[in-house]
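1. Got a predicted structure plus its sequence, pasted below:
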Amino acid sequence: QVQFVESGGGLVQPGGSLGLSCVASGFTFNRYAMSWYRQVPEKERELVATITTIGESRDFPNSVKGRFSISRDNGRNLVWLQMNNLKPEDTAVYYCGAPALMGANWRQGLGDYWGQGTQVTVQS
């Protein structure tokens, strides 16, 4: 079945960097755009980056533009999120997913395929 497994989160000081990884399975990876999302308690899930099947990145909100980048390896079903110059407001649980598979209610975190996510905490 469709599965996403995120890793790479942790505790980092403001201004630091982290790279998140996601392994996907259960679908034809190279046929789907992939995205990273994040969520903090009591707030809706936020889209932070998308990469198309051919590697074009888009959908960066202003809050992360210029600091986050997304990449993928279609041969290994991997997608990464590189986060630089991290800020305390980047603290969240980060998830990956294929937008076409995550359902209409992804902002509420609903859907059948969400993984566990990986916690990113930015603090001094």
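-> Thanks, I have it. This structure is a prediction, so every number in the text was calculated from the model and none was measured.
2. Give me the neighbour count for the closest residue to residue 8 other than its chain neighbours.
-> Once flanking residues are discounted, residue 8 sits nearest to residue 20: 4.2 Å by CB to CB, 6 or more residues apart in numbering. Backbone N, C-alpha and C define where each C-beta goes, glycine included. Neighbours of residue 20 under the rule other CB atoms under 10 Å: 24.
3. Name the SS class of residue 20, please.
-> At residue 20 the chain is in strand, as set by DSSP: H, G, I helix; E, B strand; the rest coil.
4. quick thing: my sequence starts at 727, can you match it?
-> Noted, 727 is the first residue going forward, which turns the last one into residue 746.
5. Quick one: residues contacting it.
-> With contact taken as CB atoms under 8 Å, 6 or more residues apart in numbering, residue 746 is in contact with 732-735, 762, 806-809, 820, 822, 844, 846.
6. Now the buried members of these.
-> 732, 734-735, 762, 806-807, 809, 820, 822, 844, 846 (16 or more other CB atoms under 10 Å).
7. Just name the shakiest helix or strand of this structure by mean pLDDT.
-> Across the helices and strands of the chain, mean confidence by mean pLDDT, DSSP states H and E is lowest for strand 783-784: a mean of 94.
8. Thanks again, I'm all set now.
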